[in-house]
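[1] Model the following, please.
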Amino acid sequence: MKIIESSIIGKKSPEACEDGMVVTDDFIAVIDGSTSKTPKHLNPDMKNGRYAMMLISEYIWEELKADASVDDFCQGVTAYIYNKVYEKLGVEERLKEHPEERLTASAILYSRTRNEVWMVGDCQAIIDGKLYENGKPYEQEIARKRVELIEQGLSPAEARKQIEPLLIKAMLSGQNQTYTVIDGFPIYREGVKVVSVSASSSVQDSVPASDSVPCSDSVSASDTIPSSSSEIVLASDGYPFLKPTLAASEAALAEQIANDPQNIRSFIATKGIVEGNKSFDDRTYIRFVYCQ
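    Next comes the predicted model:
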C-alpha cells in the first residue's frame, strides 16, 4: 500500500475535529465521529463524536488483527467501546434507551490482507474510478424539511433546532436497526457494505502521467499508477462531492460553500455553515494504491 495524498481538516479547529485517520501495515481507515445531539459527554474533556473516533482509532492500532474479517472488526470494536466505557461508567442500561447519548461514529477501512473495503456507516469511497456511498436513509427526508423551514423564513440555526428532534427520533427507531453505525451496541450487519478490490484493474490514466513507478517505490500525486494496482480513495462525508483527487474534491467543496453555504439547493443536507466554522463538517481524504 502506497499513500499518494491525504488530508484531515476540522470544520472549526484541529483540536475539536471528530474525524480521524489510521494507517498501519495492514489497514487504512477513515473514522467520522458523529455530531453530538446532546450536551451530555461521556468524557468531560471532549464531545462524544471525538471520543468515539479516538477509541475506534485506538482499537484499530492496538487490537485489530491483520487477518480480521469485517465481522471480526464489527464485533471487536463494539465490545471495545462497550467494555472500556459503558460498562466502566455503568451507563449500559440508559444507553440502550438513549442512542443519542452513545459514542457514535462511522468508519471505512481497507484491509490489505483481504483486499477489501469495509463501509461501516455513513462514508464514501472511489475504487478504480467508481464511487461507493453508504448514507443514512432517513437523512434526505429530514434535510428537505430543513430546506422548507428556511424557505418559510426561519434562520438556519432555528431550522436546525427544529429538525433535531426528528434526527433523535430517527436514531431511536433506526440506529443499528435500519442503518449502521459504530456505537458500542451490536452493529446492524445488513447496513455494512463490503467491496472486493480487483488488483488487476488498470488505473493507468487516472492520475497525470510521468514515468511509471514500481510499487516498491514511493508514489506521489504526479506519478502514473502501475497497471497491476488498484487506486482507492477513502473519505468521510465532509466532502459533498467526492472526486478522484484531493484538489478536485476541495475545489468542489469550495464551490459549494461559495454558492450554497446552507446546503439548500445544489446539495441538500441537515446542516449548513455554522457561524465560526470553515465548512459544513470535518473532512478526511486519503488516496492510495494497492499493488499486487
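[2] C-alpha from now on. contacts and neighbour counts both.
    Will do.
[3] Just the pLDDT for the residue nearest the centre of the chain.
    When the chain is reduced to its mean C-alpha position, the nearest residue by Cα atoms, centre = their mean turns out to be residue 236, at 3.2 Å. The predicted local confidence for residue 236 comes out at a pLDDT of 97.
[4] shouldn't it be in contact with residue 31?
    Yes. Under the contact definition of Cα atoms under 8 Å, residue 236 touches residue 31, with a separation of 7.1 Å.
[5] Now the common contact residues for the two.
    residue 19 (Cα atoms under 8 Å, 6 or more residues apart in numbering).
[6] The stretch 151-292 of the chain: helices as residue ranges?
    Counting by DSSP state H, counting those that start in this stretch, one finds helices in the stretch 151-292 of the chain at the ranges 156-174, 246-259.
[7] Show me how far the last one is from its chain's centre.
    Going back to what we said before, that points to helix 246-259. Using Cα atoms, centre = their mean, to the nearest Å, the mean C-alpha position of helix 246-259 is found 18 Å from that of the whole chain.
[8] Same question for stretch 281-292.
    Computed by Cα atoms, centre = their mean, the chain-centroid distance of stretch 281-292 equals 11 Å.
[9] neighbouring contacts of that stretch?
    Applying Cα under 8 Å, 6+ apart, the contact partners of stretch 281-292 are 1-12, 17-21, 30, 112, 199-200, 215, 225, 228-239, 245-246.
[10] ditto for stretch 7-25
    Counting by Cα under 8 Å, 6+ apart, the neighbours of stretch 7-25 from elsewhere in the structure are 28-35, 46, 49-51, 53-54, 57, 60-61, 236, 246, 276-286.
[11] filter these to the buried ones?
    Under a neighbour-count criterion of 16 or more other Cα atoms under 10 Å, the subset of the contacts of stretch 7-25 counted as buried comprises 28-35, 49-51, 53-54, 57, 60, 236, 246, 279-286.
[12] low-scoring stretches of the stretch 101-250 of the chain, by residue?
    Along the stretch 101-250 of the chain, segments meeting pLDDT under 70 span 199-229.
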